[in-house]
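# Got a predicted model here, sequence first, then my questions.
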Number of protein chains: 4
Amino acid sequence: MEREHNLIPEDKLWKRFLYRVIYRSDTRLGKLFDVVLLVLILLSTAIIMMESIPKFDKKFHNYFVITEWIISIFFSAEYFLRIAVIKNKKNYIFSFFGIIDFLALVPFYLSFFFPITKYFLIFRMLRMLRVFRIFNLLDFMDDGYLIVRALKNSSRKIYIFLLFLIIFSVIVGSLMFMVEGGRSGFETIPQSIYWAVVTVTTVGYGDVSPITPMGKFFAVILMLAGYSIIAVPTGIVTAEMRSKRQNLEKVCERCGNEDIDDDARYCKQCGKKLA
Amino acid sequence: MEREHNLIPEDKLWKRFLYRVIYRSDTRLGKLFDVVLLVLILLSTAIIMMESIPKFDKKFHNYFVITEWIISIFFSAEYFLRIAVIKNKKNYIFSFFGIIDFLALVPFYLSFFFPITKYFLIFRMLRMLRVFRIFNLLDFMDDGYLIVRALKNSSRKIYIFLLFLIIFSVIVGSLMFMVEGGRSGFETIPQSIYWAVVTVTTVGYGDVSPITPMGKFFAVILMLAGYSIIAVPTGIVTAEMRSKRQNLEKVCERCGNEDIDDDARYCKQCGKKLA
Amino acid sequence: MEREHNLIPEDKLWKRFLYRVIYRSDTRLGKLFDVVLLVLILLSTAIIMMESIPKFDKKFHNYFVITEWIISIFFSAEYFLRIAVIKNKKNYIFSFFGIIDFLALVPFYLSFFFPITKYFLIFRMLRMLRVFRIFNLLDFMDDGYLIVRALKNSSRKIYIFLLFLIIFSVIVGSLMFMVEGGRSGFETIPQSIYWAVVTVTTVGYGDVSPITPMGKFFAVILMLAGYSIIAVPTGIVTAEMRSKRQNLEKVCERCGNEDIDDDARYCKQCGKKLA
Amino acid sequence: MEREHNLIPEDKLWKRFLYRVIYRSDTRLGKLFDVVLLVLILLSTAIIMMESIPKFDKKFHNYFVITEWIISIFFSAEYFLRIAVIKNKKNYIFSFFGIIDFLALVPFYLSFFFPITKYFLIFRMLRMLRVFRIFNLLDFMDDGYLIVRALKNSSRKIYIFLLFLIIFSVIVGSLMFMVEGGRSGFETIPQSIYWAVVTVTTVGYGDVSPITPMGKFFAVILMLAGYSIIAVPTGIVTAEMRSKRQNLEKVCERCGNEDIDDDARYCKQCGKKLA
């Protein structure tokens, strides 16, 4: 149990109890806590969204402010409780979600001292990321884990693919800057690169599009290339997804090999018959 | 025969006969009934479409109304016949297609008592869904079933993927709201989220597109991310599609080969007859 | 040799010779003939394109007309020669490429009797399809054949998928017609369906895009759905492509089974050891 | 060692030393040299981009010119050193990267003799391609190599696919030219083909989009086709990607199992030690 050493010693039973409720979800109260968190996160997100709409903000401004106060106080309490009940404080504070929790609270407290623009307030939006954590606890994420693992395993290939795509877009963008000769939308090289990415990813806003026949000709080539290139990340992830058919639980008793296919009867590393 | 207990007892032979014609398609009359249904559904859909075009509606309004009357009467008769000839009425009434059939008739009957807008009338469009049912009966759907099964098997993974995509879009959208500072198209957070989804799915209407260099820079990152992410659902479904053709339970007793096709009678590796 | 019975009897050796040159490419002259055809097809296509550009047409109109005359005469001669040297005339005349050849010549001859609009003249563009035939003859198409076979094998699944996509678009389009209430771009149901297809296929012209918040909300759902659905045809074709790993040449000697995987050592149908 | 014969004979040790630093990265100095190159390439690219933005160019024009001088002198020195230290000069000069290096230097030197437009100067952008070379040396490219190999292996199929796509677009474009009758965006056939490619690749700028109902109808068919066709390149590359992980030549002698991973030492089916 990796987490056990995060526990407070026996004598502080209430801390141990709170730890279990807050950090885990194997008790009824723990599950309830997670559901309450989930509801508050969604509520918080909904309010931030509605505040950004002038029509709603004018009408319900006070309600929004009050609800935010309540939510912020709850999340502050939760943040300090999380720190209090864990033994190794740093484990939480500098964890991914610890930093998220902290950042989401900052704008609320800073707003007491400084006038803070509404743009800064959307830091609270980061709270949405915690949804993943809750889902993780509630055992929704077995399948999600497989996706993440497939992405992780193919991340190097995807980085190289993106690097290629970026260099490709830079060169094509520069070429189009030359071809379209600084026409509307192609005034600068970065603008042309923006267009190249919009095109090669098949997004195609149309805010920038070639006007000269020459430019259209190159655009056609770029689109056909992009249409073929899109197969690459798909091929990478699909190949990786398929390798899931490994049996994740089997380990070779003799040599410790963990890379065991579902259909293997003998260890491919040492030849031992698998149980 | 799961459906047998839906039959009316022997003494009411005409009900038994009608049941077979209406619910099945293993008789000539049953097949004819399905084809008539198909034609009327397509006709009904075509009329609803043309009614929505002022030019046609002005010219042929009366023809449309009369045809609709006839079609509605036919479908009403069919609806009540379906209820009459089935033993367990609830099996039909609360089934997916029972509800569709009911909803598609409602606007016609309500229009006698209330003035109903043309918008409400398109509930009849739901009838289109019945095309699947007819195709199912006519044995067109073996392949369709494989698609549905692959989608069902991977639905959990796809939900998680969509959840991720939504949270990703919400955060990116909020970020762009901050970056583009309420400029045209990014006035509110929901608007910005709309843009983020339009971009990450590579739809790219262009009704909203970044204007500031900073905004364009983030848009480029979002597009490249979206271009890589699109590989994920493809990988999921492809992996699922593949695992269908093999018989996942059979193993060759002699050599342990598990790569056994559904239609195999002998092991392709060692020639052993399969049980 | 399926084609042998198309040959003219021995006594007409020149016909036999021409047949070989025109219909095959296993002689030097046959290959040359194919290359000449290819060049003329590309030239013909280029001229049709340039004729449609007023600037070029004004300048070079006469040159275009003369070149077209020459090309048309050549293709006419080729068409009649093809008929002359084949034994079973219908085999060619009513074949796919026979009809293409005929249709491509029609506008040229009709233009003597009727004033023909330039729109009609592009029938000659169909000639482009013959490029495939020539490539086929020149043995470029081994890989092409694999693609075509994979598409053919999965065509039923793809039809069902397209049927689903169409019904989905019709219903979503009608819904949007209701939601956007006849606003710009959503004035009629067919218009709304057009928008739905533009969106779900991620083309996203932006000539029609939702304006109301409700409409945008539904559009977002449609886009996310389309983004997940795109995985389906990919999954279908990929699964089919993979099954190419069958050995196309091996047949079981005993039972005639042709569905033999590359790695099979025994026939999976009768258990016979494969040579 | 393919490269060994490029070495200068023993007596010129400093050349041998420089060769190792410049052409390889198995020494500390060699790695440093590559990192310096990488930084200068990125700096060069950044300057070219910023020069194209009038606002920056006005402010920092002199700084840009000076930095470019320094960079160009460095790359010139590097170019001549590369030629000097290699035995078989042609091996470098006419290699892909040799030509790139040369082309990237040309505009700098030509600008002494001729007034050169800023458009021509972006030839220096080609330098970006060298990033791949450096990554290759720094052993980042194992995964990249796999991608390239999969693309190379499927290149014939992709060419045929692109040929099909182009012919398809030409015919569909011509058809739309006929249907939309020279309306805005469809004035010429090449314009219509441009639209067809924009549509079938799902880029969908929206700078050209069908206006007549007939045109929209054909556009819908084209989009649905494009949506199905996109599966083909994906299927091709995915099928190719997968076949990499297995050792395609090894077979288990005892049981004939051919599904043998590259790193396997024992057959996973029967436990036999592999040769």
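Nice, I can see it.
# pretty sure A:F120 contacts A:P107?
Yes. Distance between A:F120 and A:P107: 5.5 Å, which falls inside the contact criterion (CB atoms under 8 Å). C-beta here means a position set from N, CA and C on the backbone, and glycine is covered the same way.
# Comparing the two, which shows the higher neighbour count?
Counting neighbours by other CB atoms under 10 Å in any protein chain shown for A:F120 and for A:P107 shows that A:P107 has the greater number, 18 against 14.
# can you pull the buried residues of whatever helix or strand the more buried one lives in?
With elements taken from DSSP states H and E, the one containing A:P107 is helix A:96-113. Of the residues in helix A:96-113, A:98, A:100-101, A:104-105, A:107-108 count as buried by neighbour count, 16 or more other CB atoms under 10 Å in any protein chain shown.
# Stretch A:80-89 now?
A:82, A:85-87.
# now, the most widely separated pair of these?
Distances among the buried residues of stretch A:80-89 were taken as CB to CB; the most separated pair is A:R82 and A:K87, at 12.1 Å.
# Report back the residue of chain A that's furthest from centre.
With distances taken from the mean C-alpha point of chain A and given as CA atoms, centre = their mean, the most distant residue is A:P213, at 41.6 Å.
# So the closest residue to that one other than its chain neighbours versus chain B, what's the distance?
Spatial nearest neighbour of A:P213, excluding adjacent residues (CB to CB, 6 or more residues apart in numbering or on different chains): D:P190 at 6.9 Å. Here the criterion is CB to the nearest CB, to the nearest Å. By it, D:P190 lies 23 Å from chain B.
# Contact partners for D:P190?
For D:P190, the contacting residues are A:213, A:216, C:49, C:52-53, D:173, by CB atoms under 8 Å, 6 or more residues apart in numbering or on different chains.
# From the contact counts, what lies against the helix holding A:P107?
Contacts of helix A:96-113 with other secondary structure elements, assessed using 3 or more CB pairs under 8 Å, 6 or more residues apart in numbering or on different chains; DSSP states H and E, are made with helix A:54-85, helix A:89-93, helix A:118-121, helix A:130-137.
# rerun at 6 Å
Contacts defined by 3 or more CB pairs under 6 Å, 6 or more residues apart in numbering or on different chains; DSSP states H and E place helix A:96-113 against helix A:54-85.
# Counting by contacts, list what the helix it packs on packs against.
With contacts defined as 3+ CB pairs under 6 Å, 6+ apart, helix A:54-85 has these neighbours: helix A:13-23, helix A:28-51, helix A:96-113.
# is it possible to export those helices to a markdown table including mean pLDDT?
Supplementary listing: the helices and strands packed on helix A:54-85 in a markdown table, determined by pLDDT from 0 to 100:
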| stretch | mean pLDDT |
| --- | --- |
| helix A:13-23 | 85 |
| helix A:28-51 | 91 |
| helix A:96-113 | 87 |
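# Now do whatever helix or strand A:L162 lives in against helix D:28-51, angle only.
Using DSSP H and E, A:L162 maps to helix A:155-179. Orientation of helix A:155-179 against helix D:28-51 (axes from the mean of the first three to the mean of the last three CA atoms, to 10 degrees) gives an angle of 40 degrees.
# Tell me the buried residues in helix A:155-179?
Here helix A:155-179 shows A:157-158, A:160-162, A:164-179 as buried, counting by 16+ other CB under 10 Å.
# Keeping just the C-alphas, turn the helix or strand following that helix into CSV.
Moving toward the C-terminus from helix A:155-179, the next helix or strand (DSSP H and E) is helix A:189-200. As requested, C-alpha coordinates have been extracted for helix A:189-200 and formatted as CSV (Å, rounded to 0.1, in the frame of the first residue of the first chain):
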residue,chain,number,x,y,z
ILE,A,189,5.2,34.5,-41.9
PRO,A,190,3.7,33.6,-38.5
GLN,A,191,0.2,34.4,-40.0
SER,A,192,1.0,32.1,-42.9
ILE,A,193,2.1,29.4,-40.5
TYR,A,194,-1.1,29.8,-38.6
TRP,A,195,-2.9,29.3,-41.9
ALA,A,196,-0.8,26.2,-42.7
VAL,A,197,-1.7,24.6,-39.3
VAL,A,198,-5.4,25.5,-39.8
THR,A,199,-5.3,23.8,-43.2
VAL,A,200,-3.1,20.7,-42.5
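# returning to what we had before: I'd like to know which of the helices and strands packed on helix A:54-85 is closest to B:C267.
Sorting the helices and strands packed on helix A:54-85 by CB to CB, the top spot, which is the nearest, belongs to helix A:28-51 at 48.6 Å.
# Next, the residue in chain A that chain C sits nearest to: secondary structure please.
Of the residues in chain A, the one nearest chain C is A:G206, at a distance of 5.6 Å by CB to the nearest CB. Secondary structure state of A:G206, per DSSP: H, G, I helix; E, B strand; the rest coil, is coil.
# Pop out the phi and psi values for it.
phi 90, psi 0 (degrees, to the nearest 10).
# Next: the one 5 residues further on.
Backbone torsions for A:I211, taken as degrees, to the nearest 10, come to phi -110, psi -40.
# what's the burial count for it?
By other CB under 10 Å, 15 other residues sit near A:I211.
# Excluding residues flanking it in the chain, which one is nearest it?
With CB to CB, 6+ apart as the measure, A:R183 is the residue that lies nearest to A:I211, at 5.7 Å, once sequence neighbours are left out.
# and chain A, what are its domains?
For chain A, whose domains are defined here by automatic domain parsing, the residue ranges read A:2-136, A:152-249.
# What's the separation between the residue of chain A closest to chain C and C:R183?
Look at A:G206 and C:R183: by CB to CB, to the nearest Å, they are 20 Å apart.
# Same check on A:F120?
Here A:F120 is placed at a distance of 35 Å from C:R183 (CB to CB).
# Kindly report the same for A:L129.
Between A:L129 and C:R183 the distance, using CB to CB, works out to 36 Å.
# Neighbour count: these two, which is higher?
With neighbours defined as other CB under 10 Å, A:L129 and C:R183 compare such that A:L129 has more, 18 against 15.
# ok, that one - contacts?
Under the criterion of CB atoms under 6 Å, 6 or more residues apart in numbering or on different chains, the contact list for A:L129 reads A:I100.
# burial measure for the closest residue to A:C270 other than its chain neighbours, as a count.
The shortest distance from A:C270 to any non-neighbouring residue, by CB to CB, 6+ apart, is to A:C255 (4.0 Å). A:C255 is surrounded by 12 other residues when neighbours are defined as other CB under 10 Å.
# Pretty sure A:C255 sits against A:K272.
No. Distance between A:C255 and A:K272: 7.0 Å, which falls outside the contact criterion (CB atoms under 6 Å).
# Close to chain C: what parts of the stretch 151-275 of chain A are there?
Within the stretch 151-275 of chain A, the residues that sit near chain C (CB under 6 Å from any CB of the partner chain) are A:G206.
# Next to chain B in this structure, residues from the stretch 151-275 of chain A, please.
For the stretch 151-275 of chain A, the contact set with chain B under CB under 6 Å from any CB comprises A:158, A:162, A:194, A:197, A:201-207, A:233-234, A:237-238, A:241-242, A:263, A:265.
# run the last query once more with 7 Å
Where the stretch 151-275 of chain A comes near chain B, counting by CB under 7 Å from any CB of the partner chain, the residues are A:158, A:162, A:165, A:190, A:194, A:197-198, A:201-207, A:230, A:233-234, A:236-238, A:241-242, A:263, A:265.
# Check for me that the residue nearest to A:C270 belongs to a strand.
No. With three-state DSSP as the criterion, A:C255 is coil rather than part of a strand.
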